[in-house]
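# Build me a structure from this.
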Amino acid sequence: MEQRTEVAIIGAGFAGMYLLHRLRGLGVPARILEAGGGVGGTWYWNRYPGARCDIESIQYSYQFDAELQQQWEWSERYATQPEILKYAEHVADRHDLRQDIQFNTRIRSATHDEAASEWTLIDQDGGVTTARFCVMATGLSIGSQLAAYPGAGELCRADLSHRPMAA
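Residues are numbered from 1 along each chain as shown. Presented below is the predicted three-dimensional model:
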């Protein structure tokens with residue numbers, strides 16, 4: 001199966017979910033490809049006994065949703081993994097993010113075609129996703145690996161300024 005989107009986001013953790021929400025608000029088609037069976041990133045994968053955040057729970061609250069910030073109450077100052085995961089799942093449901101997330105999809109390769117100015121991503125089942133932009137929102141827990149091209153270590157930002165801003 002082949003699918004096309006403007007922005008392919010790898011990872012449905014807190015950053016990937018926020019980026020999907022933000023791009024939707026800008027009217028930019030985007031899709032998340034997630035290796036796991038649910039949202040939450042680190043908080044989906046790290047389920048060992050005693051796992052909890054090392055910063056105050058309130059820091060996990062998304063700032064873009066003032067109503068959610070007022071409604072959600074953390075049970076502890078330093079929340080445990082199950083509560084942080086529950087929050088991530090709540091946000092995904094509240095903003096209907098799951099409709100644009102493809103779960104259980106591990107990316108096997110990502111190739112950029114400079115002439116076509118697009119990425120081709122192939123998953124473990126042979127599924128193909130093409131996108132103008134590819135954003136690795138895999139977080140720090142996944143480990144780092146620099147792409148094998150000059151300047152790969154430089155900080156880059158996709159320029160979506162040609163897109164009209166949402167009202």
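# Pretty sure residue 134 sits in a helix.
No - with DSSP: H, G, I helix; E, B strand; the rest coil as the criterion, residue 134 is assigned strand and is not in a helix.
# Now it. Nearest residue, chain neighbours left out?
residue 119 (4.1 Å; Cβ to Cβ, 6 or more residues apart in numbering). For the C-beta atoms, the positions are set from N, CA and C on the backbone; glycine is no exception.
# Tally up the residues packed near that neighbour, please.
By other Cβ atoms under 10 Å, the residues close to residue 119 number 19.
# tell me the contacts of it?
Contacts for residue 119 were tallied using Cβ atoms under 8 Å, 6 or more residues apart in numbering; they are 8, 110, 111, 112, 113, 130, 131, 132, 133, 134.
# now it: how far from residue 68?
In this view, residue 119 and residue 68 are 32 Å apart by Cβ to Cβ, to the nearest Å.
# got it, and residue 88?
Plainly put, residue 88 is 12 Å away from residue 68 if you go by Cβ to Cβ.
# Comparing those two, which residue is more hemmed in?
Neighbour count, other Cβ under 10 Å: between residue 88 and residue 68, residue 88 has more, with 24 against 16.
# Could I get the phi/psi values of the more buried one?
Main-chain torsions, residue 88, degrees, to the nearest 10: phi -60, psi -40.
# Could you report the neighbour count for the residue lying closest to it once chain neighbours are set aside?
Spatial nearest neighbour of residue 88, chain neighbours left out: residue 40 (4.0 Å); criterion: Cβ to Cβ, 6+ apart. Other residues lying near residue 40 total 23 when counted by other Cβ under 10 Å.
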